[in-house]
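Student: Here is a sequence together with a model predicted from it:
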Amino acid sequence: MVGARTTPAAALVAALALTACGAATPRSAAPSRAATDRALRGSPPALAALHRQRGELLTASPHAFQARLRSLRGHAIVVNKWAAWCGPCRSEFPFLQRLGVSLGRRVAFVGVDGNDDASAAHRFLRRYPVTYPSYADPEGEIARVIEASLAFPTTVFYDARGRLTFVHQGAYPSQAKLREDIRRYAGV
């Protein structure tokens, strides 16, 4: 286009669009393994079992995933559906890394890796290590069970009685907002 100018407003809109699509790749916010181990020491047995599987990509049927959720009753549960190809997932993963450590003795965090290539998912988990396992969900079967089948990312909250209390579609804009929803919908 001859004579076209880029206005500051147009540049801002373009920058925001690129950020929303995941052009920026945030740094990992994971504390050291030693700091994580210290923070999670003394976790209740069901949560300690999650921590022993930290960063793993597990394969399970929807029924086995539901059994895992039942085994976590008595604890608030935060399930985050993500994918390695998802820019908004990358933007919020550092929040999950930090909160998984700071709340990991009281809250069960679980990941669901949907619609993803296993090797890309493994690379993603190495880049953004978390204190909990993720379940591979290439066909979206687990996502349907937890009512998270539409958006990437989606975060699902369960209270300590195992009741689904809230489904948040899309990325969290800040760690504070995610923490607020954990308090509000998971009761912690």
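Tutor: Structure received. Numbers count the residues shown, from 1 in each chain.
Student: Please report phi then psi for the residue most central in space within the chain.
Tutor: Against the mean C-alpha coordinate of the chain, by CA atoms, centre = their mean, the closest residue is residue 80 at 3.5 Å. Dihedral pair for residue 80: phi -110, psi 120, per degrees, to the nearest 10.
Student: That one reaches residue 113, doesn't it?
Tutor: No - with contact defined as CB atoms under 8 Å, residue 80 and residue 113 do not form a contacting pair (9.7 Å). Just so you know, the C-beta spots here come from the backbone N, C-alpha and C atoms, and that holds for glycine as well.
Student: rewinding a little: so what pLDDT did the residue nearest to the centre of the chain get?
Tutor: With respect to pLDDT, residue 80 scores 98.
Student: likewise residue 23?
Tutor: Looking at residue 23, the pLDDT reads 45.
Student: and residue 142, that's in a helix?
Tutor: Yes - under DSSP: H, G, I helix; E, B strand; the rest coil, residue 142 sits within a helix.
Student: Run a quick neighbour tally on it.
Tutor: Neighbour count for residue 142, taken as other CB atoms under 10 Å: 26.
Student: Touching the longest helix anywhere in the chain from outside, list them.
Tutor: In the chain, assigned by DSSP state H, the helix with the most residues is helix 87-102. Taking contacts as CB atoms under 8 Å, 6 or more residues apart in numbering, the residues outside helix 87-102 that touch it are 19-31, 35-36, 39-40, 78, 80, 82-83, 107, 109, 124, 128-132, 152-153, 170-172, 174-175, 178-179, 182.
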